[in-house]
Structures are given as C-alpha cells and as structure tokens.
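In: any chance you can model this:
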Amino acid sequence: MFLLIFATAVTSIATEFGVGRWEDLMPYSVAAFFCFGIGSVPAGRLGDLWGRRPMMIIFFIGIGLAAVLVSLTQTPLQMALTLALLGCFASIYHPVGIPMLVQGAERPGWVIGVNGLAGNLGVAGAALVTGLLVKHVGWRAAFWVPGVVSIACGLLFALTVAPEAHSPARKPARAPDPARASALASGGVTMARLFIIMTMASTSGSLLFNFSTNSNFELLTDRLQSIAQDPAQIGLLLAGVYFAASLTQLWVGHLLDRVALKWLYLGIITAQGVFLVLATHLTGWGFYGVQFLFMAAIFGAIPFTDAIIVRFVDDASRSRVTGMRLAVSFGASSCAVWLLGPVVKQAGFTALLWLMAAISLMTFAIVSQLPRPSPQALVDATTGRRSRPAHG
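Out: Prediction:
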C-alpha cells in the first residue's frame, strides 16, 4: 500500500509542486523501489541473525514515520528522498515477514496465498483510500493517515507477538532434509541454477507488477475518459479490480499444496500474456473487464517464488536467500517506475500493454527451466495427498 500511494496521488502532487505533467514526476519515486529491493539484503540477514520479531517492529514503525515525513515535503527532491527512506523500511517485510509466517506452517502454499491476498488488499487500499483522501482532504493526508495507523500496528505487534527463543540462524543445527535434496536432484538442477531461474522469474514478475500497479490509475482514467474522471470514482473502480484479483492468490495458494508447481506457474503466466494482448484492443467498460483478468493473472503469479524458496531452502537461511533474490529482482524492476512516465508520454498506454505482454513471454521462457516435478510429486498432486512438509 505505502509504495503505491504516490502513484495514485501523483497528479495532485504534480499540480501542487508546479510540475506540468504527472509523467514528469514519476521518476522521482524510483529511489523508493530501488531501496525496496537493495534493502532486502541487509534486512534478510538481520532477520536470520538478529531475529524476525524485532525487525518487524522496526518495519511497522519505520514505514509509518517515513510516510509522515513524505507528507511534509515541499519539493520533488524532498519527495524523492523521503520516498527512498520509505522504500528502505518497506524492504524489511518480504525477506522477514514471509519466512516468519511459513516457518511452522503445515500448508505453506495456503499461508503464502493468504499473505498474498492481504498484500494485494493493500494495493486495493492504496487506490481506494488514497483516492478518497486526495479528494476530500488532500494528498498529504494520503500519506500521514496510513503512517499513523502503521505506527499503531507496530506497537500492537510488539505487545502481542512473543519474543523468539532463538534467531533462525542460531537455532540448533539439524540434518539436511532428504526430500528437499531429492526434489532438486530429480530435476537435474543445482541450487545455484535454481537461484538464477528463481531470481530471473521474480525480476520479470516484479517488472509486470510495477508497470501495472504504478500505471493502472492513470491507465483506467485514460480508457474510461467518457465515463469517469473523478479520482475517488476511479480509485473505487480500481480497488474493485485489485480486490477481485487478490482472491486469485487464495486459489493459487490452495493449489500450490496440491498441483505440480511448474505447470501451475506456466499456466498463470500464459493467462497474463493472453489478457494483456486482449487489453491493447479495448477501451471503456470492455477494457475494465479485461483489467480484472490480467491483474488476476499478475497477482496470481506472486506466490510462486516464495513457494519455491519454502520448498527448496532451509528455514535457517530463508530470509537471506529471500533478501538476495528480492535485491536483484526489485532493484532491477525499479527501472519500470523510471521508464513508466517516459514510455507513456512518448508511445502511449497501448505500447505499455504490449511491453507487458512481451515481459510475460520472457517469464514463460524462464519458468520453463524449473525442475520437472518428481513422479511422487505428480502422484501426490493427483491424489490430493501431500508428503511430509520439507520446511521445518
């Protein structure tokens, strides 16, 4: 939610700062997404070595304070610096929070799906809450109101979540999991190669996520010109898209525990490409309907990289591996935010949609290199029976 408040309020901010077009202000937010990626490395390391609970307290309170600072800015440069600080605190969640949720889960796929649903409800919240606050109070309230709520959540988290007995990296050592090693060996893939495939797939997926979520507000405004121009109404329509698309993650999370991961992943990516190509030919309510579909496919692909990590990486180093993967993927995909304004300004939204379809095709080629599921995994998927979880 916090990373997308700017994208929803950018037109109002540009007007107040005296910037002629919203596209010219978008590059000032790139530092937030770059720090969101790069910060994952130290965040993941501290999560494993220091503990996940204290890092999550820092996350909640830090991102809240940073949002309050953003609301006080007076120039584009100040905006860029405070958004970068917000990105640093935002970088804590994925490498620390997700491993914290799945470290004892019996159904990790379902847990990842529920977590993804909550995350994308935040994306919906950015569109809905920001649109309403911008219209009725002003863009500054769109930052400081959620900031205060986040600080309160941090205090509540500190009071209700029990301290950890040991940090993940300092837990007593245990023997390597033979099921995890067998899964890699059956696909003829080394851990290094798996990490490369996973990171490349995550990078292309993050490019799609950043292009779509940072442009959807203005994209929907452009495609519904004859229907709706009120920012609160556009925010409400877009929140509906995000809410419905988010439900896909529950379905994907349910299937991750029952269906071979590779084939499910490839199916979701194929749907992305088909719906994005279809969207290039539509306007009005027809486009709005297809927007539900391509966003459902984009959101539906999000849980897969976390599921790969849960399946193949031991909990003691899971935050560090997640952090390294996110640093590369989110750092590289921050260029999507940098390119968004210039691409739309020069070529229009149709060219942007074609670019996103091409990225889906690239993701398909990358994911096709994942290990083939073992015969036992296929039996389990067919019968609905699961082997003992290999995640601790």
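In: in this protein, where is pLDDT below threshold?
Out: Where the chain drops to pLDDT under 70, the residues are 166-190, 226-229, 317, 331-334, 337, 373-392.
In: longest helix in this protein, please.
Out: Among the segments of the chain that qualify as a helix by DSSP state H, the longest is helix 191-223.
In: phi, psi of V161?
Out: Phi and psi for V161, reported as degrees, to the nearest 10, are phi -90, psi 120.
In: begin at 23 from now on, thanks
Out: From this message on, residue numbering opens at 23, which makes the last subject V183.
In: so what's it up against?
Out: Applying CB atoms under 8 Å, 6 or more residues apart in numbering, we find V183 in contact with R75, M78. Placement of C-beta: from N, CA and C, glycine included.
In: could you pull out the helices for the stretch 123-272 of the chain?
Out: For the stretch 123-272 of the chain, applying DSSP state H, counting those that start in this stretch gives helices covering 130-158, 161-182, 200-208, 213-245, 253-278.
In: just the angle between the longest one and helix 130-158, please?
Out: In this case it means helix 213-245. Inter-element angle recorded for helix 213-245 and helix 130-158: 30 degrees (by axes from the mean of the first three to the mean of the last three CA atoms, to 10 degrees).
In: helices and strands around helix 213-245, which ones?
Out: Packing contacts for helix 213-245, counted by 3 or more CB pairs under 8 Å, 6 or more residues apart in numbering; DSSP states H and E, involve helix 24-39, helix 130-158, helix 253-278, helix 306-322, helix 325-334, helix 340-369, helix 371-389.
In: what's next to the fifth one, contact-wise?
Out: Contacts of helix 325-334 with the rest of the structure, by CB under 8 Å, 6+ apart, involve 120, 124, 130-131, 134-135, 138, 202, 205-206, 213, 216, 220, 223-224, 227, 271, 274-275, 278, 283, 286-287, 290, 340, 343-344, 347, 351, 392, 412-413.
In: give me that answer again for 6 Å
Out: 120, 124, 130-131, 134-135, 138, 202, 220, 224, 271, 274-275, 278, 287, 344, 413 (CB atoms under 6 Å, 6 or more residues apart in numbering).
In: same question for the fourth one.
Out: Contacts of helix 306-322 with the rest of the structure, by CB under 6 Å, 6+ apart, involve 142, 230, 234, 245, 263, 266-268, 270-271, 274, 290, 293-294, 297-298, 300-301, 304.
In: now do the phi/psi pair for W72.
Out: phi -90, psi -40.
In: can you tell me how far it is from W161?
Out: 36 Å (CB to CB, to the nearest Å).
In: quick one, which of these two is more surrounded?
Out: Comparing W72 with W161 by other CB atoms under 10 Å, the one with more neighbours is W161, at 23 against 17.
In: right, and that one touches A29 too?
Out: No: look at W161 against A29 with CB atoms under 6 Å: they stay out of range, at 11.7 Å.
In: one step back: now the longest helix of the chain: buried residues?
Out: 216-217, 219-243, 245 (16 or more other CB atoms under 10 Å).
In: next one: stretch 153-170
Out: Buried, per 16+ other CB under 10 Å, within stretch 153-170: 153-157, 161-169.
In: looking at these, which is nearest L181?
Out: The closest of these to L181 turns out to be G169 (CB to CB; 19.5 Å).
In: wait, what's in contact with the closest residue to that closest one other than its chain neighbours?
Out: Excluding the flanking residues, the one nearest G169 by CB to CB, 6 or more residues apart in numbering is A89, at 3.2 Å. By CB under 6 Å, 6+ apart, A89 lies in contact with F24, F165, G169.
In: what do you get if the cut-off is 10 Å, keeping everything else the same?
Out: 23-24, 27, 104-105, 107-108, 111, 164-173 (CB atoms under 10 Å, 6 or more residues apart in numbering).
In: how close does it get to H303?
Out: Separation of A89 from H303 (CB to CB): 39 Å.
In: how about T235?
Out: Distance from T235 to H303, by CB to CB: 22 Å.
In: what do you get for M122?
Out: 44 Å.
In: more neighbours: which of those two?
Out: M122 (22 against 11).
In: I figured the more buried one hits I79, correct?
Out: No: using CB atoms under 10 Å, M122 is not in contact with I79; the gap is 11.9 Å.
In: assign the residue nearest to L108 when sequence neighbours are not counted to helix, strand or coil.
Out: Spatial nearest neighbour of L108, chain neighbours left out: A88 (3.9 Å); criterion: CB to CB, 6+ apart. Put simply, A88 is helix when judged by DSSP: H, G, I helix; E, B strand; the rest coil.
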